[in-house]
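A.B. asks: below are the sequence and a predicted model; questions follow.
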Amino acid sequence: AWRATFAGDATGTVIVGLEHPGSLADFAGAWEKIQADKSVAKWLAGLSGLRTIVSDSLYNQISI
């Protein structure tokens, strides 16, 4: 996780990066399993009062 500095109005914003060791298909399957767990779904729903998602992105690592 990172906290934005020298970011104008976005200063203090927290950025979180997550990595998944498999392919996008593996990630999609894992996400479906996570969301199917009622206790996890309840926990995720409770997070909405703690944070606001302002954007999300999918990045692909490149090699030069």
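C.D. replies: Structure's in. What do you need? Note that the coordinates shown come from a computational prediction; the quantities given were computed from them, not determined experimentally. Numbering: from 1, shown residues only.

A.B. asks: can you get me a residue count around residue 48?
C.D. replies: Residue 48 has 9 neighbours, counted by other CB atoms under 10 Å. The C-beta positions use only the backbone N, C-alpha and C, and glycine is treated the same way.

A.B. asks: mind checking the SS state of it?
C.D. replies: Following DSSP: H, G, I helix; E, B strand; the rest coil, residue 48 is assigned to helix.

A.B. asks: mind naming the longest helix for this protein?
C.D. replies: For the chain, the longest helix by residue count, based on DSSP state H, is helix 24-36.

A.B. asks: now it: buried residues?
C.D. replies: For helix 24-36, the neighbour count (16 or more other CB atoms under 10 Å) marks no residue as buried.

A.B. asks: helices or strands up against that helix?
C.D. replies: Judged by 3 or more CB pairs under 8 Å, 6 or more residues apart in numbering; DSSP states H and E, the packing partners of helix 24-36 are helix 38-46.

A.B. asks: show me the shaky parts of this structure.
C.D. replies: Along the chain, the model assigns pLDDT under 70 to no residue.

A.B. asks: returning to what we had before: now do the longest helix of the chain and helix 38-46, the angle between them.
C.D. replies: For helix 24-36 against helix 38-46, the angle by axes from the mean of the first three to the mean of the last three CA atoms, to 10 degrees is 90 degrees.

A.B. asks: now helix 24-36, how far from the chain's geometric center?
C.D. replies: For helix 24-36, the separation from the chain centroid amounts to 13 Å (computed by CA atoms, centre = their mean, to the nearest Å).
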